[in-house]
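[1] The amino acid sequence is not available; the structure is as follows:
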Ligand SMILES: [Zn+2]
C-alpha cells in the first residue's frame, strides 16, 4: 500500500494506466544494481531514485575528477576528490529520501559479482571497461538476471537488454552473443582518449533507466533482442535485431563442450 507521501511524490507517473498504484508498488519493491556511477550511471541513478525504485545499490571504486563534470551531472564541483559511490548515493537519497540506497566503494570482480548480482532483480551496466562488461554479461546470464547494457563514446551511443536466461525470453542473446570478442583498446577507445559529449551519455543513461523501469513493470516490449545504435551527430537512431548464437561460449549449446575442450588443453 502506498502511503500519502508516496501518492503525492509519484502522482504524475502513478496516474498513468501503464503504471498505476500497482506498478508503483512494484517499483518500490525492486532491487537494482548500478555498476558504475559515471556518465551513464549519473542519469540512471537520478531517474531511478526519482521514480521510486525502492532499493538501489551503487558500485564504483573511483573518485570524482574535474574531467568528469561535463557529463556526470549527479556531481558538483565541490565533489572533486570524493568517492563517486558515496556522493552518488547521497545525491540519490537527496532526490528521494523514501528509498533505500546503498553504496560500495570497490571494483566489481569475479569474487563479488555473483553475490551482488543474485541479490538484485535488474543489473545495469554503466561501466567503461571491457573486462567488467564481459564479467557482468556472463554472471548475469549464469544468475538469470536481466542486464541493461549501455555504452557511449564521442557522439555515439548503444543500448540493449540481455535476458538470455530469464523466464519468457528463451532464444534471446546474451552479451557475448552480440559482442563475441573482447575489443582491444585501439578498436574501442574510451572516453578519455576519444572524448564524450555529456548529452550523449545522458541520452543513453536515460534510455537505460527507462528499460529498467519497463522490466520491473513487466512491460512486454523492451530492447531484448535488439541493439539500439545512436549517431547523435545526425540525430539518427538505428536498430539491429540480435539473436542467440549456438557457438556462444557463454550461453550456446557448445558452451559446455568448449569448457571441456579448454580443460583438455591444460
Ligand atoms: Zn550467448
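    Perfect, I can see it now. Just so we're clear, the structure is a prediction, and the values are computed from it rather than from any experiment.
[2] does the residue most central in space within the chain sit in a helix, a strand or a coil?
    By Cα atoms, centre = their mean, the mean C-alpha position of the chain lies nearest to residue 124, the distance being 1.9 Å. Under DSSP: H, G, I helix; E, B strand; the rest coil, the three-state class of residue 124 is strand.
[3] Can you tell me who it pairs with across the strands?
    Beta-bridge pairing of residue 124 under DSSP bridges involves residue 34, residue 148.
[4] Which stretches in the protein count as strands?
    Remark: strands assigned in the chain by DSSP state E are 31-35, 55-59, 100-104, 122-125, 147-153, 156-162, 226-231, 236-241.
[5] who wins for proximity to the ion among the ones you listed?
    Across the strands of the chain, the ion has its closest neighbour in strand 156-162 (8.5 Å, Cβ to the ion). Just so you know, the C-beta spots here come from the backbone N, C-alpha and C atoms, and that holds for glycine as well.
[6] That closest one and the ion, any residue contact?
    No: Strand 156-162 is not in contact with the ion by Cβ under 5 Å from the ion; minimum separation 8.5 Å.
[7] Have a look at this structure and report its longest helix.
    Ranked by residue count under DSSP state H, the longest helix found in the chain is helix 198-217.
[8] Can you spell out which helices and strands pack onto that one?
    helix 20-29, helix 41-51, strand 122-125, strand 147-153, strand 156-162, strand 226-231 (3 or more Cβ pairs under 8 Å, 6 or more residues apart in numbering; DSSP states H and E).
[9] give me that answer again for 10 Å
    Under the contact definition 3 or more Cβ pairs under 10 Å, 6 or more residues apart in numbering; DSSP states H and E, helix 198-217 sits against helix 20-29, strand 31-35, helix 41-51, strand 122-125, strand 147-153, strand 156-162, strand 226-231.
[10] related to what we said a few turns ago, can you tell me which residues contact the residue nearest to the centre of the chain?
    For residue 124, the contact set (Cβ atoms under 10 Å, 6 or more residues apart in numbering) comprises 32-36, 40-41, 44-45, 48, 56, 58, 136, 146-150, 205, 208-209, 211-212.
[11] just to revisit the earlier point, between helix 20-29 and the longest helix of the chain, find me the angle.
    110 degrees (axes from the mean of the first three to the mean of the last three Cα atoms, to 10 degrees).
[12] So for helix 198-217, mean pLDDT?
    Averaged over helix 198-217, pLDDT sits at 98.
[13] before we move on, the earlier item: out of the helices and strands packed on helix 198-217, which gets nearest to residue 194?
    Nearest to residue 194, of all the helices and strands packed on helix 198-217, is strand 147-153, at 5.1 Å by Cβ to Cβ.
[14] so, in contact with the ion or not, the closest one?
    No: Strand 147-153 lies apart from the ion when judged by Cβ under 5 Å from the ion; the minimum separation is 11.6 Å.
[15] got the buried residues for that strand?
    The neighbour-count check on strand 147-153 (16 or more other Cβ atoms under 10 Å) flags 147, 148, 149, 150, 151, 152, 153 as buried.
[16] Alongside the ion, which residues does the protein contribute?
    With Cβ under 5 Å from the ion as the criterion, the chain meets the ion at residues 174, 176, 177, 248, 250, 251.
[17] Quick one: end-to-end distance for stretch 51-63.
    By Cα to Cα, to the nearest Å, the extent of stretch 51-63 from end to end equals 26 Å.
[18] Which of the residues in it are classified as buried?
    51, 52, 53, 54, 55, 56, 57, 58, 59, 60, 63.
[19] didn't the second one look like it was pressed against residue 8?
    Spelled out, it's residue 52. No: the pair residue 52 / residue 8 is not scored as a contact, 11.7 Å apart, by Cβ atoms under 10 Å.
[20] Which residues are in contact with each of these two?
    Jointly contacting residue 52 and residue 8 under the rule Cβ under 10 Å, 6+ apart are 2, 14.
[21] for residue 224, what are its contacts?
    Applying Cβ under 10 Å, 6+ apart, the residues contacting residue 224 are 146, 148, 160-164, 166, 168-169, 172-173, 211, 215, 242.
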